[in-house]
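Q: below is the structure, and that's it, no one-letter string:
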């Protein structure tokens, strides 16, 4: 069995990038199948322009456990712009789909088309797994019309289709030719049907997954730091859509009541956020900023924290929240439909998770300005509640970490392996 995995982004540093390479690695553990990977890289990783087979396999993509690599390079003479991201804010230099003109889209399609044709001639896959229901998946359907193709929606494709209807219509169109579509949540099914002309029976809800070899409770780490203040943590993109500015406002309000709290922000901050953190509007002495970390470093940071806060207005799933629970950390999160639908059947009602009512939203992730103050107050109250009980119920935290093991990569990959076998 020869499997091809396709992703039009960097195969790391985002939820879909982590999903991409972890899925490959776990399938490799469970089967003897051959696997190949098509993905994007910036030009600084271009070693051999001829790319005869896998020039960057060991040096630049060692985290992907497959022998055949087919990178598509950006920021070159042929494609003179950064990788195009499915989110407007990416943790690396990127281009937004909404800012691409016809010439850029044509250039993007030509480069990926050339690599797909090369894969068809040299690798000849038996089945293809294509991430994001977007332009690349449409191209895969056109170039490989005679083999099974599985599309994986990460939720951001729905947002792109809503934000860029012309691109969705002209560059994506109908994806009904897919043999299966994997969705993160039941709540996404109506949108997937509407946006990509799918049939409900094509769609399987598989949820997301985390690496339980990396994310586990601090009980397994005797060197875990114990400090006198309660540590809140956020990790991810530092953007308005992720609610980072409202999180800082909520924390600042809590700090006035209880100065024995701290907030760590893990991610790449732009000038606007740095200016806020250096202003008198926030307790700068209580907020620390960390640059983007590896998964292992992030997991270690989680284990040294008490409460993870996910203030994002929209998530395809919100996998980082599950990783936090698996690490034995309490959770404050917006009541995101995909996340609650995945978690609640397994964790039930627990005081270690505070669900915060979202403000009214436009364009999926933009709060109405008049609703923000009340939302910030709700978020701050939930953080205060978790701070009061952060040092209690260690046994319950361990039970919660155990309950989310059902979302491990081992479990998800096993489901996908069976789907592939059924299609073969």
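A: On my side now, so go ahead. Predicted model, so just to flag it, every value in this text is computed and none were measured. Numbers count the residues shown, from 1 in each chain.
Q: and residue 161, helix, strand or coil?
A: helix (DSSP: H, G, I helix; E, B strand; the rest coil).
Q: then residue 317?
A: coil.
Q: same deal with residue 64?
A: Following three-state DSSP, we place residue 64 in the coil state.
Q: I'd say it and residue 41 touch.
A: No: Residue 64 is beyond contact range of residue 41, at 11.6 Å (criterion: CB atoms under 8 Å). (Glycine included, C-beta is placed from N, CA and C.)
Q: packing partners of the lengthiest strand in the chain?
A: For the chain, the longest strand by residue count, based on DSSP state E, is strand 34-42. Applying 3 or more CB pairs under 8 Å, 6 or more residues apart in numbering; DSSP states H and E, one finds that strand 34-42 contacts strand 2-6, helix 15-30, strand 68-74, helix 102-122.
Q: let's see that with 10 Å instead.
A: Other helices and strands packing on strand 34-42, by 3 or more CB pairs under 10 Å, 6 or more residues apart in numbering; DSSP states H and E, are strand 2-6, helix 15-30, helix 57-60, strand 68-74, helix 102-122, strand 127-131, helix 135-143.
Q: out of these, deepest packed?
A: strand 127-131 (a mean of 25; mean count of other CB atoms under 10 Å).
Q: could you pull out the strands for the stretch 251-400 of the chain?
A: 261-266, 287-290, 307-310, 330-334, 353-356, 361-362, 366-367 (DSSP state E, counting those that start in this stretch).
Q: need these in TSV (columns: distance to residue 237, mean neighbour count and mean pLDDT).
A: Formatted as TSV, the strands of the stretch 251-400 of the chain follow (distance: least, CB to CB, whole Å; neighbours: other CB atoms under 10 Å; pLDDT from 0 to 100):
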stretch	distance to residue 237	mean neighbour count	mean pLDDT
strand 261-266	11	21	96
strand 287-290	14	16	94
strand 307-310	12	25	98
strand 330-334	15	26	97
strand 353-356	19	20	97
strand 361-362	17	11	94
strand 366-367	15	16	96
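Q: where does this protein have low pLDDT?
A: 45-62, 219-227, 292-293, 391-394 (pLDDT under 70).
Q: would you mind giving the domain segments of it?
A: 2-209+408-423, 218-406 (automatic domain parsing).
Q: quick one, phi/psi of the residue lying closest to residue 81 once chain neighbours are set aside?
A: Of all residues not flanking residue 81 in the chain, residue 95 sits nearest, at 4.9 Å (CB to CB, 6 or more residues apart in numbering). Dihedral pair for residue 95: phi -110, psi 140, per degrees, to the nearest 10.
Q: ok, which of the strands of the stretch 251-400 of the chain comes nearest residue 389?
A: Closest approach to residue 389 among these is made by strand 330-334 (7.7 Å; CB to CB).
Q: residues near residue 316, how many?
A: 26 (other CB atoms under 10 Å).
Q: please name the nearest non-neighbouring residue to it.
A: Per CB to CB, 6+ apart, closest to residue 316 is residue 155, 2.2 Å.
Q: who touches the one you found in this structure?
A: The contact partners of residue 155, taken as CB atoms under 10 Å, 6 or more residues apart in numbering, are 15-16, 86-87, 132, 183-185, 187-188, 191-192, 208, 314-318, 336, 338, 364.
Q: how about 7 Å then?
A: 184, 188, 315-317, 338 (CB atoms under 7 Å, 6 or more residues apart in numbering).
Q: phi first, then psi, for it.
A: The phi/psi pair for residue 155 (degrees, to the nearest 10) is phi 90, psi -40.
Q: would a markdown table of the helices and strands packed on strand 34-42 with distance to residue 270 be doable?
A: As requested, the helices and strands packed on strand 34-42 are exported to a markdown table (distance: least, CB to CB, whole Å):
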| stretch | distance to residue 270 |
| --- | --- |
| strand 2-6 | 30 |
| helix 15-30 | 20 |
| helix 57-60 | 26 |
| strand 68-74 | 20 |
| helix 102-122 | 23 |
| strand 127-131 | 26 |
| helix 135-143 | 27 |
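Q: just so I know, which of those lies nearest residue 360?
A: Of the helices and strands packed on strand 34-42, nearest to residue 360 by CB to CB is helix 15-30, at 25.1 Å.
Q: the closest one to strand 34-42, inter-axis angle?
A: 160 degrees (axes from the mean of the first three to the mean of the last three CA atoms, to 10 degrees).
Q: test my guess that residue 136 contacts residue 6.
A: Yes: here residue 136 lies in contact with residue 6, judged by CB atoms under 7 Å, at a distance of 5.8 Å.
Q: I figured residue 151 hits residue 130, correct?
A: Yes: using CB under 7 Å, residue 151 makes contact with residue 130 at a distance of 5.3 Å.
Q: quickly list what's touching both of these two.
A: residue 137.
Q: state the distance from the most far-flung residue of the chain relative to its centre to residue 279.
A: Ranked by distance from the centre of the chain (CA atoms, centre = their mean), the top residue is residue 257, with 33.7 Å. As judged by CB to CB, to the nearest Å, residue 257 and residue 279 stand 20 Å apart.
Q: just give me the neighbour total for the nearest residue to residue 281 once chain neighbours are set aside.
A: For residue 281, ignoring the flanking residues on the chain, the nearest one in space by CB to CB, 6+ apart is residue 252 at 7.3 Å. Residue 252: 17 surrounding residues under other CB under 10 Å.
Q: surely residue 252 touches residue 282?
A: Yes: Residue 252 lies in contact with residue 282 (CB under 7 Å); the separation is 5.0 Å.
Q: so what sits against both of those two?
A: Common contact partners of residue 252 and residue 282 (CB under 7 Å, 6+ apart): none.
Q: SS state for the nearest residue to residue 325 once chain neighbours are set aside?
A: Excluding its sequence neighbours, the residue lying closest to residue 325 (CB to CB, 6+ apart) is residue 404, at 5.0 Å. Using three-state DSSP, the structure places residue 404 in helix.
Q: ok, now which ones touch residue 404?
A: If you count contacts by CB under 7 Å, 6+ apart, then residue 404 has 322, 325-326, 346-347 around it.
Q: which of those residues tops the neighbour count?
A: These, ranked by neighbours (other CB under 10 Å): first place residue 325, 30 neighbours.
Q: this completes my enquiry, with thanks.
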